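Asker: one predicted model, sequence on top.
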Amino acid sequence: MDETDRKIMEILQQDGRIEDVEISRRIGISHDTVKRRRKKLEDAGYIKIQANINPREFGYTYVFYLGITLAPGIDVRKIAEKLAARKEFFFVALSLGPTHAIVAACIAREQIVLNKLVEELRTWKEIEKIETNIIYEVLKSGYHSIPVEEL
């Protein structure tokens, strides 16, 4: 990855729908070079162009993060994959720290959805403890907007 790739990624972070012709104009290289480099960045997994949907516009006003601690000896990855397969969760990760197992997140239109989900998860013998955090306001969200110059 060189400076040209970084410039392409920086522009795409600002507007993922921008056309290759416009990128080429901005950084002073050919359209074909931009097209080839963008494809290479996508194929290598450095970038992924996708739509970000605003869940609030669809009535999803509740965001829940669950810290899930498993019973000793349980295969953390197996349980995380089981959670990730469920449509309720949009984020599932293995973690270290106070939870030291799994962090999972879901969205819902009503808080009762969380209550039912947590009650169901508490019946899983592999789960020792569930800590629930309700997100009421997001001040910054930028996992996909990291400064390109730091790459």
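Answerer: Arrived safely, thanks for sending.

Asker: gap between the residue positioned nearest the centre of the chain and residue 103?
Answerer: Nearest to the geometric centre of the chain sits residue 91, at 6.1 Å (CA atoms, centre = their mean). Counting by CB to CB, to the nearest Å, the gap from residue 91 to residue 103 is 8 Å. All C-beta spots, glycine's among them, are computed from the backbone N, C-alpha and C.

Asker: repeat that for residue 131.
Answerer: As for residue 131, its distance to residue 103 is 10 Å (criterion: CB to CB).

Asker: which residues are common contacts for these two?
Answerer: Counting by CB atoms under 8 Å, 6 or more residues apart in numbering, the residues touching both residue 131 and residue 103 are 66, 67, 68.

Asker: just the residues you listed now: which is nearest residue 83?
Answerer: Nearest to residue 83 out of the shared contacts of residue 131 and residue 103 is residue 68 (CB to CB; 7.7 Å).

Asker: before we move on, back to that, save the shared contacts of residue 131 and residue 103 as CSV, and put in distance to residue 85 and pLDDT too.
Answerer: Formatted as CSV, the shared contacts of residue 131 and residue 103 follow (distance: CB to CB, whole Å; pLDDT from 0 to 100):
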residue, distance to residue 85, pLDDT
66, 16, 94
67, 20, 93
68, 15, 94
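
Asker: so residue 23 sits against residue 34, correct?
Answerer: Yes: here residue 23 reaches residue 34: they are 4.8 Å apart, a contact under CB atoms under 8 Å.

Asker: how is this protein divided into domains?
Answerer: Segmentation of the chain into domains, based on automatic domain parsing, reads 3-43, 55-135.

Asker: out of those, which is closest to residue 49?
Answerer: Going by CB to CB, the one of the domains of the chain nearest residue 49 is domain 3-43, 4.7 Å.

Asker: need the distance between the two termini of stretch 131-140.
Answerer: 22 Å (CA to CA, to the nearest Å).

Asker: and for residue 127, the neighbour number?
Answerer: Using other CB atoms under 10 Å, residue 127 has 20 neighbouring residues.

Asker: so it touches residue 71, yeah?
Answerer: Yes: Residue 127 is within contact range of residue 71, at 7.2 Å (criterion: CB under 8 Å).
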